[in-house]
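**Student:** can you look at this prediction? I've put the sequence above it.
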Amino acid sequence: MGRGRTLAEVQREFPDEASCAAFLSARRWPEGFVCPACGLGRAVTLKSRPRLFECLDCGRQTSLTAGTAMHRSKLLLTTWFWAAHLMATHSNGMSARQLEDQLGVTYKTVWLLAQKLRRSMVDPDRDLLEGVVEVDQTEVPFRAGDAFFAPGAAGKILIAGAVEVIDRSAGKPKPRRRGAKYLDTRAGRLRLAAIADNSAKSIEAFVRANVKSGATLITDGHASYAGLSGDYRHDPRVVGNMAANVVLPLSHRAFSLLKRWALGTYHGLRRKHVDAYLDEFVFRYNRRFHRHVSFETVLGLAARHTPETYRDIISRRAPDEANVRRAPLPIDLPESTG
C-alpha cells in the first residue's frame, strides 16, 4: 500500500496537471516508457491529447491513465487526485453531496467519479480468506431515489459476510476442535456481498468465491451450509434462544458497523449500487489498523517501487528533440510553473 499523505503534502506535490501526469508516468514506467505492443521505448506525447503516448516504432498509442479509474475521463487529474485523497482519508467516507461541495463540479459528475473510485478499491488479485472464518447473513435497509429515508418504510437487502478469526496470541488464524470457544480473538479480513436469498445455492456461491478451500467455517447452523462440508471444515453453532452476536461476535460486529456507516454517511444504501458501497466498506474495514490510507491505493496506483518526484523527472529532461527521440523520458512535460 502506498504511503499516506497529509493535506499539505498533497497540495505541495500535486499543484497542477503536469505534476500529476509526472507522478502517474513514474508509477507506470519507473525505468522509462515501454510500448505495450512492441516493447521499445521511443515515444512522443501528442499535443492535442497530452495524456496519450505514440510509439515511434510501431505507432501504437498508449494512454497514461489506461487501466485506472481515470481512463477516458475529461476531468482534470488534480480533481481525481483530490477526490481520491478525500475518500481515502475521511474516516467515514464521503458522500457525493460532500464531494460536490469540495470539488466544485456537478453532482452527476462527482457521483460517477465516486462510483469509479469505489470500484477501484477492490484488488482483483486479493487472497481468499483462510484459517478460521465466521460466515453469516444480515439484512440492511435500502432507499429508493433521493426521497427522505424512512426506516419503517425501507426495503431490505440481504447481505452475506465472512470475517477471519485471528488468534491474538498467535497473530494468525488458529483452528480449534469442533465446538470449542474462540476466546481472545480479533477480526481479520472481511468480505461482503449482496445475495438473492438464503438458499444453499446463493450462500455456497458466496463462500466459494471468498473463502479458501479447507478453511474452518463457523456458522449459525443454517441448513444452507451443509453442502460445503466436503470442501470446508464446518463447525456450526446453533443459536437457539441465545443472542446471535454471542455465538458469532466478529461477523455481527462487522454487520453493526456496516449498518451504522450506511445510515450515517449515505442515509441508506441503494439496491442498484449496493455492491460498490460494500466494496468501500470492506476497503475501510480491512485497513482499520493503518493510520493512513493512501490515495494511491484508491486510484489503483500503490507503488511497487520508489516513486520519482516531479523535480526528478524534470531534471532528467533531454535538452532537445533529437535526444528525446533517442532516449525518451516517461513523459514530455512543460517547465514547472510552481
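**Tutor:** The structure has been received and is ready for your questions.

**Student:** tell me the secondary structure at residue 157.
**Tutor:** strand (DSSP: H, G, I helix; E, B strand; the rest coil).

**Student:** what about it, how many neighbours?
**Tutor:** Neighbours of residue 157 under the rule other C-beta atoms under 10 Å: 19. Where you see a C-beta, it was placed from the backbone N, CA and C, and this is true even at glycine.

**Student:** bridged to it, which residues?
**Tutor:** Beta-bridge pairing of residue 157, defined through DSSP bridges, involves residue 140.

**Student:** that one reaches residue 143, doesn't it?
**Tutor:** No - counting by C-beta atoms under 8 Å, residue 157 stays clear of residue 143, with 10.6 Å between them.

**Student:** where does pLDDT dip in the stretch 1-150 of the chain?
**Tutor:** Across the stretch 1-150 of the chain, the ranges flagged by pLDDT under 70 are 1-4, 144-150.

**Student:** would you map the helices across it?
**Tutor:** Chain-ordered helices for the stretch 1-150 of the chain, with DSSP state H, counting those that start in this stretch as the definition, fall at 7-13, 17-28, 77-89, 96-103, 107-120.

**Student:** helices and strands around the last one, which ones?
**Tutor:** Contact partners of helix 107-120 among helices and strands, from 3 or more C-beta pairs under 8 Å, 6 or more residues apart in numbering; DSSP states H and E: helix 77-89, helix 96-103, helix 274-286, helix 295-299.

**Student:** would you turn those helices into a markdown table with distance to residue 49 and mean neighbour count?
**Tutor:** Converted to a markdown table, the helices and strands packed on helix 107-120 look like this (distance: least, C-beta to C-beta, whole Å; neighbours: other C-beta atoms under 10 Å):
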| stretch | distance to residue 49 | mean neighbour count |
| --- | --- | --- |
| helix 77-89 | 13 | 22 |
| helix 96-103 | 23 | 17 |
| helix 274-286 | 29 | 20 |
| helix 295-299 | 20 | 24 |
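
**Student:** how about a markdown table for these, with distance to residue 190 added?
**Tutor:** Written out in a markdown table, the entries for those read as follows (distance: least, C-beta to C-beta, whole Å):
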| stretch | distance to residue 190 |
| --- | --- |
| helix 77-89 | 18 |
| helix 96-103 | 24 |
| helix 274-286 | 5 |
| helix 295-299 | 16 |
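
**Student:** among those helices, which is nearest residue 161?
**Tutor:** helix 274-286 (9.3 Å; C-beta to C-beta).

**Student:** relative to helix 107-120, how tilted is the closest one?
**Tutor:** 60 degrees (axes from the mean of the first three to the mean of the last three C-alpha atoms, to 10 degrees).

**Student:** state the mean pLDDT of helix 274-286.
**Tutor:** Within the predicted structure, the mean pLDDT of helix 274-286 is 90.

**Student:** and for it, what are the contacting residues?
**Tutor:** Helix 274-286 is contacted by residues 87, 93, 115, 118-119, 121-122, 140, 142, 157, 159, 189-194, 254, 257-258, 261-262, 266, 269-270, 293, 298 when judged by C-beta atoms under 8 Å, 6 or more residues apart in numbering.

**Student:** stretch 161-170 now?
**Tutor:** With contact meaning C-beta under 8 Å, 6+ apart, stretch 161-170 is reached by 129-138, 172-174, 182, 184-192, 206-207, 210-211, 218, 250-251, 254-255, 258.

**Student:** let's see that with 6 Å instead.
**Tutor:** Stretch 161-170 is contacted from outside by 129, 132-136, 173-174, 182, 184-192, 210-211, 250-251, 254, using C-beta atoms under 6 Å, 6 or more residues apart in numbering.

**Student:** how about that stretch: buried residues?
**Tutor:** Using 16 or more other C-beta atoms under 10 Å as the test for burial, stretch 161-170 gives 161-167.

**Student:** TSV for those residues, including pLDDT?
**Tutor:** Listed next are those as TSV, based on pLDDT from 0 to 100:
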residue	pLDDT
161	96
162	96
163	96
164	95
165	95
166	94
167	92
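
**Student:** in helices only, show me the contacts of stretch 161-170.
**Tutor:** Within the contacts of stretch 161-170, residues falling in helices by DSSP state H are 210, 250-251, 254.

**Student:** what's the closest of those residues to residue 66?
**Tutor:** Among those, residue 210 lies closest to residue 66 (C-beta to C-beta), at 28.8 Å.

**Student:** residue contacts, residue 69?
**Tutor:** Contacts here follow C-beta under 6 Å, 6+ apart; on that basis residue 69 touches 116-117, 120.

**Student:** include distance to residue 55 when you put the helices of the stretch 1-150 of the chain into a markdown table, please.
**Tutor:** Putting the helices of the stretch 1-150 of the chain into a markdown table (distance: least, C-beta to C-beta, whole Å) gives the following:
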| stretch | distance to residue 55 |
| --- | --- |
| helix 7-13 | 29 |
| helix 17-28 | 15 |
| helix 77-89 | 22 |
| helix 96-103 | 34 |
| helix 107-120 | 27 |
